[in-house]
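# Generate a structure from the sequence data that follows.
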Amino acid sequence: MAYRTAQKESLMAFLRQHTDKAFTVEEIAAAMDGENTPGKSTLYRLITHLVEDGSVKRFVRGNSRQFVYQAVGCSHCDAHLHMKCVDCGRI
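Sure, this is the predicted structure:
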């Protein structure tokens, strides 16, 4: 059973407001500002769960070893392909 905590809701609200961008966990931590802003360790745990349940997609940034995360705007993403532009990074 997945819990709906205030921190998880805050993270998802942030990612849904920025569906055109992908962020590292560090960038998310720096950009989020508010009462329910999770700490970095909590962000790592939450983002892992969101990737596992399909709410968020994980990509490698360029040719680096750095992962970026981006919310997806559909409820049935396992049924089709997502493609990411190599120039602008949009899905």
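# alpha carbons only for contacts and neighbour counts from here, please
Fine.
# Tell me which other helices or strands the worst-scoring helix or strand of the chain on mean pLDDT touches.
Counting by mean pLDDT, DSSP states H and E, the chain has its least confident helix or strand at strand 56-60, which shows a mean of 88. The helices and strands touching strand 56-60, judged by 3 or more Cα pairs under 8 Å, 6 or more residues apart in numbering; DSSP states H and E, are helix 40-52, strand 67-71.
# where are the low-confidence patches of the chain?
Filtered on pLDDT under 70, the chain yields the residue ranges 1-2, 35, 73-82, 89-91.
# quick revisit: just say which of the helices and strands packed on strand 56-60 is most tucked in.
strand 67-71 (a mean of 21; mean count of other Cα atoms under 10 Å).
# contacting residues around that strand?
Under the criterion Cα atoms under 8 Å, 6 or more residues apart in numbering, residues 12, 15-16, 18-25, 47, 55-61 lie in contact with strand 67-71.
# Now do it against strand 56-60, angle only.
Between strand 67-71 and strand 56-60, the angle comes out at 150 degrees (axes from the mean of the first three to the mean of the last three Cα atoms, to 10 degrees).
# Throw the helices and strands packed on strand 56-60 into JSON lines and include distance to Gln7, thanks.
Formatted as JSON lines, the helices and strands packed on strand 56-60 follow (distance: least, Cα to Cα, whole Å):
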{"stretch": "helix 40-52", "distance to Gln7": "9"}
{"stretch": "strand 67-71", "distance to Gln7": "16"}
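# Mind checking these for the one nearest to Thr5?
Closest approach to Thr5 among the helices and strands packed on strand 56-60 (Cα to Cα): helix 40-52, 10.0 Å.
# neighbouring contacts of that closest one?
8, 11, 25-26, 29, 56-58, 69.
# change it to 6 Å
With contacts defined as Cα atoms under 6 Å, 6 or more residues apart in numbering, helix 40-52 is touched by 56-57.
# Dump it to CSV, keeping only the CA atoms.
Extracted in CSV, the C-alpha atoms of helix 40-52 (Å, rounded to 0.1, in the frame of the first residue of the first chain):
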residue,chain,number,x,y,z
LYS,A,40,17.5,15.1,0.2
SER,A,41,17.4,11.6,1.7
THR,A,42,13.6,11.7,1.7
LEU,A,43,13.6,13.0,-1.9
TYR,A,44,15.8,10.1,-3.0
ARG,A,45,13.4,7.6,-1.3
LEU,A,46,10.3,9.2,-2.7
ILE,A,47,11.6,9.6,-6.2
THR,A,48,12.5,5.9,-6.2
HIS,A,49,9.0,5.0,-5.3
LEU,A,50,7.5,7.4,-7.9
VAL,A,51,9.7,5.9,-10.6
GLU,A,52,8.7,2.3,-9.6
